[in-house]
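S.K.: can you look at this prediction? I've put the sequence above it.
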Amino acid sequence: MNLHTSIFFRMLKLGIESYKPTAPHEIPMPSASHGQDHKTIRIPYLGPDGKVLAKDEDEAVRPKILKMIIRLNNRLNPVVDADKPWASVESGKQNIHSIFGNYFPKSRVDWQGCDPTSDQVLRWWVFSGFGALELHRLDEQTAQSEQVNGQTPTFVSSYEFLKDLPVRPGLAGYGGAVYLDRQGNILKMKLRGKDVFPTDGKAWEAAKFAYRSTSMVWVTLYDHLFFSHYSVSNSGVLATINNLPIDNPLRLLLKPFLFRTAAINNGGADSLLPKGSSFFRASGFTWEGMEEAYSLMLNRVALKPLPDLLRERGIDRASLSALPEDIFPFGRDGELYWNSLNGFSADILHHAPAFRNIEKNDAVKAWWEQMNGTLRFSPSDLSTDRMATFLTQFFYTVSAFHSWVGHVTPYVKDPSIAAGKLFPDAVMANQQNSAELGVIASITGLPTPSLLGDFSHLMPDDYSRGSLNRLHENLLQVGQEIQQRNARRDIALRAFLPEELNLSVAI
């Protein structure tokens with residue numbers, strides 16, 4: 001473990017020792033008055049409007065002295081990409097466990113006896129894991145051009161859009177795409193523009209490792225940090241505290257889903273995002289490459305309802321109706337969970353007395369306008385139905401989606417699964433990178449309020465409290481259905497099991 005990683009890990013352990021978890025029923029009522037005068041901190045790589053709150057209404061943000069130490073650690077310790085390999089996969093796993101085992105969250109991925117580097121698990125990665133976030137159905141022309149021995153691919157999960165982003169000297173670039181037929185069988189891969197086939201031996205294994213590693217890096221940087229934390233939840237907490245009085249029913253409804261958001265985003269702005277930070281060192285990007293990645297992310301940001309997003313990619317339930325029923329577990333389970341949240345949002349907005357004519361409330365109109373200014377929800381005209389859909393996607397993103405894209409422990413604890421930075425032809429993370437990734441995974445190990453907990457005190461009226469009870473009952477049924485599906489799957493998908501989900505991006 002190099003000096004930068006060692007210092008950050010020591011600080012992290014001190015934070016873990018002093019951390020006091022909050023139960024759902026202990027989440028405080030809104031307390032900070034609304035208005036535009038709340039102090040913010042500018043984050044330039046988050047775009048022209050990028051900023052985080054300087055204070056959190058739920059708890060204290062990181063002390064100034066600790067922020068100063070983190071900044072000095074980032075700036076003064078040189079970035080070094082040592083390539084000292086583990087003696088073996090097993091020795092790597094043992095060493096990682098001995099250092100980080102007490103800090104990692106419980107793994108939500110059980111390989112169920114499968115080799116995590118196998119082609120079988122690669123298929124799981126595409127349809128259930130991080131590859132699912134870039135999965136889409138090929139158009140006919142592209143599919144024909146990518147044929148393999150007369151077989152036409154139907155799906156691709158591609159991270160090739162990252163192949164040209166510059167990386168530091170001695171490192172290999174990112175990239176990787178997996179092409180599959182209509183039954184979900186893998187036909188080939190593409191790595192940095194070159195086709196690679198299952199018969200290509202070491203080149204095939206290196207391509208799989210590069211694809212898994214690239215997807216983990218991008219999902220952590222974009223889907224977890226940039227999108228879930230600094231776009232969706234950060235926009236939510238800023239728009240809410242700027243526009244909604246503490247007794248506004250919408251602010252009360254949002255409160256559990258925004259719990260501790262300002263504090264965690266404030267802290268991450270120093271420890272994970274800047275040049276020299278832990279994530280920058282754990283990845284292989286040059287700072288110019290990281291800035292290019294931030295530009296890509298800014299162009300991507302838009303909060304779209306999950307059903308629309310899947311439909312656009314040709315992987316919604318209707319589009320897949322002629323294919324094997326459970327070919328796409330991430331989408332299938334995700335839609336089940338999303339529909340439960342949508343029922344909750346629509347029920348409250350349409351029937352709870354506290355929300356009667358909520359779309360005509362001036363404070364809510366201002367909140368909606370600010371949210372849409374950063375998240376580009378479409379259509380943008382405010383109505384009860386559109387607000388219900390918007391809230392559903394917001395709740396989905398800060399709960400299940402965030403919980404899954406932020407869960408890297410299963411892939412970090414075994415160096416043969418993925419790395420943060422790639423060396424040429426690598427098939428295993430090295431000692432330094434395993435330590436860098438281990439510290440980042442340890443950050444996610446603290447308990448936060450559960451989605452299935454009792455936060456009914458925050459609901460603005462009796463009807464809303466009843467609707468929350470119905471949501472919990474519905475989610476328990478969702479969990480049972482997913483468990484039944486998992487019993488029939490070679491490798492289970494636990495991304496949308498309600499009993500494992502947090503309410504907010506509080507960690």
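M.R.: The structure has been received and is ready for your questions. Numbering: from 1, shown residues only.

S.K.: could you point out the longest helix of the protein?
M.R.: helix 462-488 (DSSP state H).

S.K.: chain center to that helix: distance?
M.R.: 22 Å (CA atoms, centre = their mean, to the nearest Å).

S.K.: over to stretch 104-121?
M.R.: 19 Å.

S.K.: mean confidence for it?
M.R.: Average pLDDT, stretch 104-121: 95.

S.K.: in it, which residues are buried?
M.R.: 104-105, 108-109, 111, 116-117, 121 (16 or more other CB atoms under 10 Å). Where C-beta positions appear, they are placed from N, C-alpha and C, glycine not excepted.

S.K.: and it, end to end?
M.R.: 22 Å (CA to CA, to the nearest Å).

S.K.: follow-up on the earlier one: mind listing what's buried along the longest helix of the chain?
M.R.: 463-468, 471-472, 474-475, 478-479, 482, 485-486.

S.K.: and for stretch 331-349?
M.R.: Buried residues in stretch 331-349, counted by 16+ other CB under 10 Å: 331-338, 340-349.

S.K.: strands along the stretch 51-200 of the chain, start to end?
M.R.: 51-53, 135-137, 155-158, 177-180, 186-191, 194-196 (DSSP state E, counting those that start in this stretch).

S.K.: pick the most buried one from those strands.
M.R.: strand 177-180 (a mean of 26; mean count of other CB atoms under 10 Å).

S.K.: quick check: mean pLDDT of it?
M.R.: Per-residue scores along strand 177-180 average to 98.

S.K.: give me the distance from it to the chain's centre.
M.R.: 22 Å.

S.K.: can you list the neighbours in contact with that strand?
M.R.: 122-123, 126, 131, 138, 146, 148, 153-160, 186-191, 211 (CB atoms under 8 Å, 6 or more residues apart in numbering).

S.K.: same deal with stretch 21-35?
M.R.: 38, 55, 57-58, 240-247, 251-252, 255-256, 259-260, 363, 446-450, 453-455, 457-458, 503.

S.K.: mind exporting the one helix or strand Asp333 maps to as PDB, just the C-alpha atoms?
M.R.: Per DSSP states H and E: Asp333 is located in helix 329-351. The C-alpha coordinates for helix 329-351 follow below in PDB (Å, rounded to 0.1, in the frame of the first residue of the first chain):
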ATOM      1  CA  PRO A 329     -32.600 -10.300 -15.400                       C
ATOM      2  CA  PHE A 330     -31.500  -6.700 -14.700                       C
ATOM      3  CA  GLY A 331     -34.300  -5.200 -16.800                       C
ATOM      4  CA  ARG A 332     -36.900  -7.800 -15.700                       C
ATOM      5  CA  ASP A 333     -36.300  -7.400 -12.000                       C
ATOM      6  CA  GLY A 334     -35.700  -3.600 -12.400                       C
ATOM      7  CA  GLU A 335     -39.100  -3.100 -14.000                       C
ATOM      8  CA  LEU A 336     -40.800  -5.100 -11.200                       C
ATOM      9  CA  TYR A 337     -39.200  -2.900  -8.600                       C
ATOM     10  CA  TRP A 338     -39.800   0.300 -10.600                       C
ATOM     11  CA  ASN A 339     -43.500  -0.500 -10.900                       C
ATOM     12  CA  SER A 340     -43.900  -0.800  -7.200                       C
ATOM     13  CA  LEU A 341     -42.300   2.600  -6.600                       C
ATOM     14  CA  ASN A 342     -44.500   4.100  -9.300                       C
ATOM     15  CA  GLY A 343     -47.600   2.700  -7.700                       C
ATOM     16  CA  PHE A 344     -46.600   4.400  -4.400                       C
ATOM     17  CA  SER A 345     -45.800   7.800  -6.100                       C
ATOM     18  CA  ALA A 346     -49.000   7.900  -8.100                       C
ATOM     19  CA  ASP A 347     -51.100   6.800  -5.200                       C
ATOM     20  CA  ILE A 348     -49.800   9.600  -2.900                       C
ATOM     21  CA  LEU A 349     -49.900  12.300  -5.500                       C
ATOM     22  CA  HIS A 350     -53.400  11.500  -6.700                       C
ATOM     23  CA  HIS A 351     -55.100  10.600  -3.400                       C
END
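
S.K.: which SSE is immediately downstream of it?
M.R.: Toward the C-terminus from helix 329-351 - assigned by DSSP H and E - lies helix 362-375.

S.K.: now do that following helix: which elements does it pack against?
M.R.: helix 234-243 (3 or more CB pairs under 8 Å, 6 or more residues apart in numbering; DSSP states H and E).

S.K.: what packs against the helix it packs on?
M.R.: Using 3+ CB pairs under 8 Å, 6+ apart, helix 234-243 sits against strand 51-53, helix 249-258, helix 261-271, helix 362-375.
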